[in-house]
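In: just the structure for this:
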Amino acid sequence: MASGMQENFLKWVGKWNQVIGAVVLGGFVAAVTMPTAAQPVPTNENASNTSAGTRNHSASKTVLVLGDSLSAEYGLARGAGWVPLLEKRLRAEGIDAAIENASISGETTSGGKARLAALLQQHKPDILILELGGNDGLRGLPMSATSGNLRDMINMAKKTGARVLLLGMQIPPNYGADYTRQFAALYPRVAKETGAVLVPFFLEGLQTRVDLFQSDRIHPTAAAQPLMLENVWPMLRPMLKSEAGSAQTPTGRVTAPAR
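Out: Numbering: from 1, shown residues only. This next block holds a predicted model:
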C-alpha cells in the first residue's frame with residue numbers, strides 16, 4: 001500500500017514538473033519572441049535616415065543652409081533675414097522641418113567646402129541649401145575653382161543622402177560683359193552636371209530696386225528678405241513635400257549687386 005501510494009505520488013510529481021516546465025518554458029519563449037513579433041519589418045519608408053538613399057521623406061526633415069552674408073543677416077536685426085522667415089513659413093504651412101543656418105558673412109566656395117563635411121556629419125540634413133559663389137566673383141577668383149568647389153559640395157551632400165538646392169548668383173556688369181555672362185552661366189551648368197535643384201537667380205526682382213539695398217548698395221535690406229524667400233520657396237517646397245526634387249530650371253540673364 002505504501003509502495004503504491006509512493007508510486008502514485010512520484011507520478012503526480014512528475015506530471016506537475018512537466019506542467020511547471022511547460023509554463024516556464026512557454027513564458028520564456030513568449031518573453032523572447034514577443035518583442036520581435038511586435039516590431040514591423042523595416043522597409044525603405046521606415047528605414048533609418050543615416051544612409052544615403054534610404055531617408056524617411058514623410059518624417060521630420062532637417063534643412064542645412066550654407067551661405068554667405070546674404071543668408072547670415074548681415075546688417076539686419078536678428079530674425080529679419082530670409083532664413084528665419086523660412087522657419088516661420090514652415091510653421092505656418094505645418095511642414096515639419098528644422099533649419100540649421102551655417103552661413104558666414106564673407107564666405108567663399110572654398111571656405112564652405114572646407115566646413116561642409118563636419119556640418120553634414122553634425123546635422124545630417126535631408127536638404128542642403130547652397131548659397132555661395134558671389135564672393136568668389138567679387139574677388140575675381142577663377143570660375144573653374146568656383147564651379148569645382150560647388151560641384152564637390154553638391155556631391156559631398158548627395159553621398160550622405162541629402163538633396164541640394166543651389167541658389168544661383170550673378171555679379172554687377174562693371175566686371176565686364178564676358179566675365180558677367182560666364183559667371184551667370186556657371187550655376188545652371190553645375191546644377192545640370194550634378195542634378196541639383198536650381199534657383200536661377202537668388203536676388204531676382206531686387207536688381208532694379210535701389211531702395212531694397214542697404215547703404216553699401218550690396219546687402220539687401222529687411223524689406224527685401226521676403227522677396228528673397230519667395231525666390232527660394234517654389235523650388236524648396238516640393239523638396240520638402242515629396243521624395244524627389246524638382247526638375248532643373250534655366251537661369252535668367254539678370255545682373256544685380258552681390259556681396
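
In: SS state for G161?
Out: Recorded secondary structure, G161: coil (DSSP: H, G, I helix; E, B strand; the rest coil).

In: number of residues surrounding it?
Out: In terms of burial, G161 registers 17 neighbours under the definition other C-beta atoms under 10 Å. In short, each C-beta sits where N, CA and C put it, glycine included.

In: same deal with P125?
Out: Based on other C-beta under 10 Å, the number of other residues close to P125 is 26.

In: can you list the weak-confidence ranges in this protein?
Out: 1-58, 242-259 (pLDDT under 70).

In: helices along that one, start to end?
Out: In the chain, the segments counted as helices under DSSP state H are 2-38, 82-92, 109-123, 134-138, 143-159, 177-194, 225-241.

In: who are the packing partners of the second one?
Out: Taking 3 or more C-beta pairs under 8 Å, 6 or more residues apart in numbering; DSSP states H and E as contact, the helices and strands that helix 82-92 lies on are strand 97-101, helix 225-241.

In: is it possible to export those to TSV including distance to S144?
Out: Output for the helices and strands packed on helix 82-92, formatted as TSV (distance: least, C-beta to C-beta, whole Å):
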stretch	distance to S144
strand 97-101	29
helix 225-241	26
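
In: out of these, the one nearest D211 is which?
Out: Between D211 and the helices and strands packed on helix 82-92, the shortest separation by C-beta to C-beta is 11.9 Å, and it involves helix 225-241.

In: ok now that closest one, how far from the chain's centre?
Out: Averaging C-alpha positions (C-alpha atoms, centre = their mean, to the nearest Å) puts helix 225-241 13 Å from its chain's average.

In: in it, what's buried?
Out: Along helix 225-241, the positions that meet the burial threshold by neighbour count (16 or more other C-beta atoms under 10 Å) are 225, 227-229, 231-233, 235-236, 239-240.

In: please enumerate residues in contact with it?
Out: Contacts made with helix 225-241 from outside it, assessed by C-beta atoms under 8 Å, 6 or more residues apart in numbering, are listed as 61, 63, 70, 76, 80-82, 85-86, 89-90, 95, 97, 127, 129, 163, 165, 167, 197-199, 201-206, 212, 220, 245-246, 249.

In: run the angle between that helix and helix 82-92 for me.
Out: Orientation of helix 225-241 against helix 82-92 (axes from the mean of the first three to the mean of the last three C-alpha atoms, to 10 degrees) gives an angle of 50 degrees.

In: quick check: angle from helix 225-241 to strand 97-101?
Out: In this structure, helix 225-241 runs at an angle of 130 degrees to strand 97-101, with the same axes, to 10 degrees as the basis.

In: and helix 225-241, C-alpha only, in CSV?
Out: Presented in CSV, the C-alpha positions along helix 225-241 are these (Å, rounded to 0.1, in the frame of the first residue of the first chain):
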residue,chain,number,x,y,z
GLN,A,225,14.1,89.4,-47.4
PRO,A,226,10.5,88.3,-48.1
LEU,A,227,11.2,88.7,-51.8
MET,A,228,14.4,86.6,-51.5
LEU,A,229,12.4,83.9,-49.7
GLU,A,230,9.8,83.9,-52.5
ASN,A,231,12.6,83.2,-55.0
VAL,A,232,13.6,80.1,-53.0
TRP,A,233,10.2,78.8,-51.8
PRO,A,234,8.8,77.5,-55.2
MET,A,235,11.8,75.2,-55.6
LEU,A,236,12.2,74.2,-51.9
ARG,A,237,8.6,73.4,-51.1
PRO,A,238,8.4,70.4,-53.5
MET,A,239,11.6,69.0,-52.0
LEU,A,240,10.1,69.2,-48.5
LYS,A,241,6.8,67.7,-49.6
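
In: quick revisit: out of the helices and strands packed on helix 82-92, the one nearest L150 is which?
Out: helix 225-241 (16.4 Å).

In: can you tell me the closest non-neighbouring residue to G111?
Out: I104 (7.3 Å; C-beta to C-beta, 6 or more residues apart in numbering).
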